[in-house]
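>>> Could you work out the structure for the sequence below:
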Amino acid sequence: MNDEAMLVANSREADQLATRSDVERLSADLSVDDDTVCSECGLGGVIKRLRRVVLRAGTWSGEDVFFARGLPGTILASERFKSLCETAGLANCSLVDAATFSFDHYPQERAAGIRPH
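The predicted structure is shown next:
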């Protein structure tokens, strides 16, 4: 699943998508302002940057659309869901390959040479 996960935006049913899937912080190159992580929700600190989405092995149970613990606000979808959208001609969602999805909310830290967590 790690290589097949896709990102989806703008769901109205988001609260029903919670799963026990976990983001693999090191493999995803996820940087936060605090290393403390809640064992229940997977959250800990403000997410500063992410280079890709990688799920911890054995935590995804096959849902087609879901949230991963530790990556709030980002809805993930399976390759099967992507195929369904393409087959049905659905165009009201944005799908991005998990391996290339990234963001940096604090680019000034990199420019200033500040070492990320």
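
>>> hey, where'd the strands end up in the chain?
For the chain, the strands defined by DSSP state E occupy 6-8, 18-22, 31-32, 47-50, 65-69, 75-77, 96-97, 103-104.

>>> Looking at those, spot the one closest to Cys41.
Nearest to Cys41, of all the strands of the chain, is strand 65-69, at 5.9 Å by Cβ to Cβ. C-betas here are computed from N, CA, C, even on glycine.

>>> tell me which residues in the longest helix along the chain are buried?
Looking across the chain with DSSP state H, the single longest helix is helix 79-88. Neighbour counts over helix 79-88 (16 or more other Cβ atoms under 10 Å) mark 79, 81-82, 85 as buried.

>>> Over to stretch 98-105?
Result for stretch 98-105 [16+ other Cβ under 10 Å]: buried residues 98, 101.

>>> Start and end of it, how far apart?
By Cα to Cα, to the nearest Å, the extent of stretch 98-105 from end to end equals 18 Å.

>>> repeat for stretch 41-50
18 Å.

>>> repeat for stretch 86-97
14 Å.

>>> same question, stretch 83-97
13 Å.

>>> avg pLDDT for it?
Mean pLDDT, computed over stretch 83-97, is 89.

>>> So what touches stretch 23-31?
2, 37, 42, 47-57, 68-71, 116-117 (Cβ atoms under 8 Å, 6 or more residues apart in numbering).

>>> Would you pull up how far that stretch lies from the middle of the chain?
10 Å (Cα atoms, centre = their mean, to the nearest Å).

>>> repeat for stretch 48-62
6 Å.

>>> Make 734 the first number, not 1, from now on.
Will do, 734 is the new start, and the previous item becomes stretch 781-795.

>>> quick one: average pLDDT of it?
Rounded mean pLDDT across stretch 781-795 is 90.

>>> quick one: buried residues of it?
Buried, per 16+ other Cβ under 10 Å, within stretch 781-795: 781-789, 792-793.

>>> Let me have the strands of the chain in JSON lines, extended by distance to Gly822.
Listed next are the strands of the chain as JSON lines, based on distance: least, Cβ to Cβ, whole Å:
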{"stretch": "strand 739-741", "distance to Gly822": "16"}
{"stretch": "strand 751-755", "distance to Gly822": "27"}
{"stretch": "strand 764-765", "distance to Gly822": "38"}
{"stretch": "strand 780-783", "distance to Gly822": "30"}
{"stretch": "strand 798-802", "distance to Gly822": "18"}
{"stretch": "strand 808-810", "distance to Gly822": "16"}
{"stretch": "strand 829-830", "distance to Gly822": "19"}
{"stretch": "strand 836-837", "distance to Gly822": "29"}
